[in-house]
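Enquirer: pasting the sequence and the predicted model now:
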Amino acid sequence: MPTFVIGDIHGCLKSLEALVEFVAPKKTDTLVTLGDYIDRGPSSKGVIDFLSECRNPFNLVTLKGNHEQMMENARHSEQEQYFWLANGGETTLDSFCTTNLDEINNSYWRFMAQCKLYHETDQHIIVHAGLDPKLPLDKQPKEVLLWKRIFDTEQHVSGKKLICGHTSQRSGDPLILDHAVCIDTNA
């Protein structure tokens, strides 16, 4: 029962569709997406629609990224909304054909609320951004899981390898360290 992990998607629906088609997960496989489904690319709404439809054919684990957190925060604060818009939120609103967050259907807010903060396998800890190396997984601060950069990470106390995104690898190649792999290949 393999586990496949897809890095930051950022509204790139066609790339996501092509990757899932290439991987062709079976019903017994697990596909983990690292979050950042929205912002920057043209099809944030389409990415969420696609992932919502994928839940039945195979085991899909959707993790929350910092961009989903920014969008959720933008609903409650003008300052947070400005921050989100400055970080790619305008393209997300465009994909929903609106300029008003209140016009976005509740199913999309539920999708983001249901995203997990981490996924663990026998050998790996999979998160959007990073880990505090000294804390057990269930004690990790949300901010670390969503915002920590790979460059200042160390081996986790569990001994498991970290699989993450969040830190764009401009080369387009994953960053492979002894204790971690960053697969944000700059979608």
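Expert: The structure has been received and is ready for your questions.

Enquirer: mind listing what's buried along stretch 76-88?
Expert: Residues of stretch 76-88 classed as buried by neighbour count (16 or more other CB atoms under 10 Å): E80, Q81, W84, L85, G88. Every residue, glycine included, has its C-beta placed from N, CA and C.

Enquirer: would you mind writing the CA trace of that stretch as PDB?
Expert: Extracted C-alpha coordinates of stretch 76-88, given in PDB (Å, rounded to 0.1, in the frame of the first residue of the first chain):
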ATOM      1  CA  HIS A  76     -12.100  37.700  10.300                       C
ATOM      2  CA  SER A  77      -9.700  40.700   9.900                       C
ATOM      3  CA  GLU A  78      -9.100  43.400   7.400                       C
ATOM      4  CA  GLN A  79      -5.400  43.400   8.200                       C
ATOM      5  CA  GLU A  80      -5.300  39.600   7.600                       C
ATOM      6  CA  GLN A  81      -7.300  40.000   4.400                       C
ATOM      7  CA  TYR A  82      -4.700  42.600   3.100                       C
ATOM      8  CA  PHE A  83      -1.900  40.100   4.000                       C
ATOM      9  CA  TRP A  84      -3.600  37.300   2.200                       C
ATOM     10  CA  LEU A  85      -4.300  39.300  -0.900                       C
ATOM     11  CA  ALA A  86      -0.700  40.500  -1.000                       C
ATOM     12  CA  ASN A  87       0.400  36.800  -1.000                       C
ATOM     13  CA  GLY A  88      -1.700  35.600  -4.000                       C
END
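
Enquirer: which phi and psi does D138 have?
Expert: D138 adopts backbone torsions of phi -80, psi 0, taken as degrees, to the nearest 10.

Enquirer: now do it against E90, distance only.
Expert: 36 Å (CB to CB, to the nearest Å).

Enquirer: these two: which has the busier surroundings?
Expert: For the pair D138 and E90, the greater number of neighbours falls to E90 (14 against 8), based on other CB atoms under 10 Å.

Enquirer: name the nearest residue to the most centrally placed residue in the chain, ignoring sequence neighbours.
Expert: In the chain, the residue lying closest to the centroid (CA atoms, centre = their mean) is G35, at 0.9 Å. For G35, the nearest residue in space outside its immediate sequence neighbours is G65; the separation is 2.5 Å by CB to CB, 6 or more residues apart in numbering.

Enquirer: correct me, but that neighbour touches L146?
Expert: Yes - G65 is within contact range of L146, at 6.7 Å (criterion: CB atoms under 8 Å).

Enquirer: of the two, who's got more company?
Expert: With other CB under 10 Å as the criterion, G65 and L146 differ in neighbour count, and G65 comes out ahead with 31 against 23.

Enquirer: what's the helix or strand for T62?
Expert: Using DSSP states H and E, T62 maps to strand 59-62.
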